[in-house]
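Novice: After the sequence you'll find the predicted model.
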Amino acid sequence: MTEVHHDSPAADVSEPGRPGGTRPERRPRLRARIEHELDTRSVRLAVWLYRRTRGRIMRLWRRRGVVLTTRGRRTGRARTVLVQYFPDGDDLIVVAANSGLDRPPAWYLNLRAEPRVQVEVDGRTFEARAEELSVEDARVFWPRVLASAPDYERYPQRTDRPLPLVRLVPTPG
């Protein structure tokens with residue numbers, strides 16, 4: 001399931017999610033597609049379970065999850081997804097990994113079009129503003145992502161695109 005978008009396919013080891021600078025292999029791409037399909041097809045159930053347990057279900061996997069409700073960039077309809085987050089003070093950091101596919105997740109594209117988002121975390125609901133981390137800030141934060149979720153290391157190996165990190169900043173209100 002699983003945050004400026006870079007159009008250059010060139011690998012840069014200074015960017016998060018681009019260690020080694022090698023082109024992804026075919027088999028990891030197949031795994032990424034399967035993982036993505038499972039995530040996409042189970043999102044309603046995952047959100048329901050998360051809400052029903054007020055986020056406690058995530059503790060089974062020692063993860064932190066957040067329900068994001070974005071506004072669809074083309075339809076204007078509310079779009080809800082459950083993603084993992086990484087705390088940074090009062091802010092939440094999310095990674096637009098999309099299981100390592102070559103395209104970013106729809107929720108990320110929606111946030112780029114409209115950075116206001118509704119956030120549900122641990123039974124609390126609030127409004128937030130999405131801000132993409134700079135390449136340097138993302139590079140500095142990436143080890144914290146891997147410390148909490150070592151499985152994220154496989155996503156950059158599946159794709160040529162950098163994995164954007166997005167800060168969700170609570171807004172007063």
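Specialist: Received it, and whenever you're ready, just let me know what you need. Numbering: from 1, shown residues only.
Novice: Would you mind listing the residues in contact with the closest residue to F86 other than its chain neighbours?
Specialist: Spatially, and ignoring its direct neighbours in sequence, F86 is nearest to I93 (4.5 Å; Cβ to Cβ, 6 or more residues apart in numbering). Any C-beta I mention is one placed from the backbone N, CA and C, and that applies to glycine too. I93 sits next to 3, 85-87, 133, 141, 144-145, 165-168 when contact means Cβ atoms under 8 Å, 6 or more residues apart in numbering.
Novice: export the residues you listed to TSV and tack on secondary structure?
Specialist: Formatted as TSV, those follow (DSSP: H, G, I helix; E, B strand; the rest coil):
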residue	secondary structure
E3	coil
Y85	coil
F86	strand
P87	strand
L133	coil
F141	helix
R144	helix
V145	helix
L165	strand
V166	strand
R167	strand
L168	strand
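Novice: Next, format the residues you listed as CSV and append distance to R79.
Specialist: Formatted as CSV, those follow (distance: Cβ to Cβ, whole Å):
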residue, distance to R79
E3, 15
Y85, 17
F86, 22
P87, 24
L133, 22
F141, 25
R144, 27
V145, 23
L165, 20
V166, 15
R167, 20
L168, 15
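Novice: So in that sheet, which strands flank the helix or strand that contains the residue nearest to F86, and in what orientation?
Specialist: Element membership of I93, judged by DSSP states H and E, is strand 91-95. In its sheet, strand 91-95 lies beside strand 86-88 (antiparallel), strand 165-170 (antiparallel), with partners assigned from DSSP bridges.
Novice: Need the winner for burial among the ones you listed.
Specialist: Among the strands paired with strand 91-95, ranked by average contacts under mean count of other Cβ atoms under 10 Å, first place goes to strand 165-170 (a mean of 22).
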